[in-house]
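Participant: sequence plus the predicted model coming up.
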Amino acid sequence: MPDERRRVLVTITDTHLTADPDSAADLRAALAVVEAGARPDAIVLAGDLTADDPAAYRLLRDTVEPVAGRIDAAVVPVMGNHDERGAFRAAFGLPGGHDPCDAVHHLDGLRVAVLDTTVPGHHHGELTDAQLTRLAAALATPAPQGSVLVLHHPPLPSPVPSVDLLRLRGAERLAAAVDGTDVRMIVCGHAHYAGAGALAGIPVWIAPATAYRVDALPPAGRLRGVTGPALSRIDLVGGTAVATAVPLAGEPVYDVDAGERVAWMLARIPAEV
């Protein structure tokens, strides 16, 4: 019988921390929302965790790990172009070396595969042949609840010229590696806005950033970053993956008891035939 349990991944990306504790204010706000709400299976940190500051990883761990421990959520770290591999490995207890920081996490039937798309000294993304071979091998056997693939650089064109220049190169090679596999969604960051598309028929979710938002429809001739931190919620249930952007700002329009509101709605919905 298929495993129909709902699984939830929270994605927090592009925190751009420095060693200054004040730089983690939006991250702390995001984690407070997570801890007060639905308890996720994992907190996915989808890259650009620091602002080119290796000393910031300690602040990151000291901020994230206590919350993850209290809600019993795994922490899934991902390299971004503003992260440094040596410091990243040391911070998360990963094996040493200069190879990309790829990983596969097994969360009680759900597989989360992580690809390091960074190119040291550059800001665009690439994948090596060896990485794609390892990914194909990891995905060769389906997982009981399928797989989610996480990488920092979107494998999609962007409406923002600067982001488009710095996306993942050779996305067609990644498409060939995941085509026909059990990957239910590809999740990435980097762009600093919420977006969606598809690669090899697989949904791609571009998660909004915690640090700031890139305006995808600015005045003509302008590139603009604005306030508007957000996180993402990824729900996987019944063979379907759904991504939802969760802004951290805004005043309540309504705040009611969930059980009472759902019961009210159910009383007004015709029974399914």
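Facilitator: That came in fine, so what should we check first? Numbers count the residues shown, from 1 in each chain.
Participant: and stretch 49-56, which residues are buried?
Facilitator: 49-51, 53, 56 (16 or more other CB atoms under 10 Å). C-betas here are computed from N, CA, C, even on glycine.
Participant: including secondary structure, pLDDT and distance to residue 181, could the residues you listed go into a markdown table?
Facilitator: Formatted as a markdown table, the buried residues of stretch 49-56 follow (DSSP: H, G, I helix; E, B strand; the rest coil; pLDDT from 0 to 100; distance: CB to CB, whole Å):
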| residue | secondary structure | pLDDT | distance to residue 181 |
| --- | --- | --- | --- |
| 49 | coil | 97 | 27 |
| 50 | strand | 96 | 31 |
| 51 | coil | 94 | 34 |
| 53 | coil | 93 | 36 |
| 56 | helix | 95 | 35 |
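Participant: which of these sits closest to residue 167?
Facilitator: residue 49 (19.2 Å; CB to CB).
Participant: how far away is that closest one from residue 101?
Facilitator: Separation of residue 49 from residue 101 (CB to CB, to the nearest Å) stands at 12 Å.
Participant: try residue 70
Facilitator: Taken as CB to CB, the span from residue 70 to residue 101 is 26 Å.
Participant: ok, these two, which is more surrounded?
Facilitator: Counting neighbours by other CB atoms under 10 Å for residue 70 and for residue 101 shows that residue 101 has the greater number, 19 against 11.
Participant: list the contacts of the spatially closest residue to residue 98 that is not a sequence neighbour.
Facilitator: Nearest residue to residue 98 in three dimensions, chain neighbours excluded: residue 85, at 6.9 Å (CB to CB, 6 or more residues apart in numbering). The contact partners of residue 85, by CB atoms under 8 Å, 6 or more residues apart in numbering, come to 79, 98, 100-101, 116, 118, 120.
Participant: could I get these as a markdown table with secondary structure, distance to residue 110 and pLDDT?
Facilitator: Shown next, in a markdown table, are these (DSSP: H, G, I helix; E, B strand; the rest coil; distance: CB to CB, whole Å; pLDDT from 0 to 100):
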| residue | secondary structure | distance to residue 110 | pLDDT |
| --- | --- | --- | --- |
| 79 | coil | 21 | 97 |
| 98 | coil | 30 | 77 |
| 100 | coil | 22 | 94 |
| 101 | coil | 20 | 95 |
| 116 | coil | 20 | 97 |
| 118 | strand | 25 | 96 |
| 120 | coil | 31 | 92 |
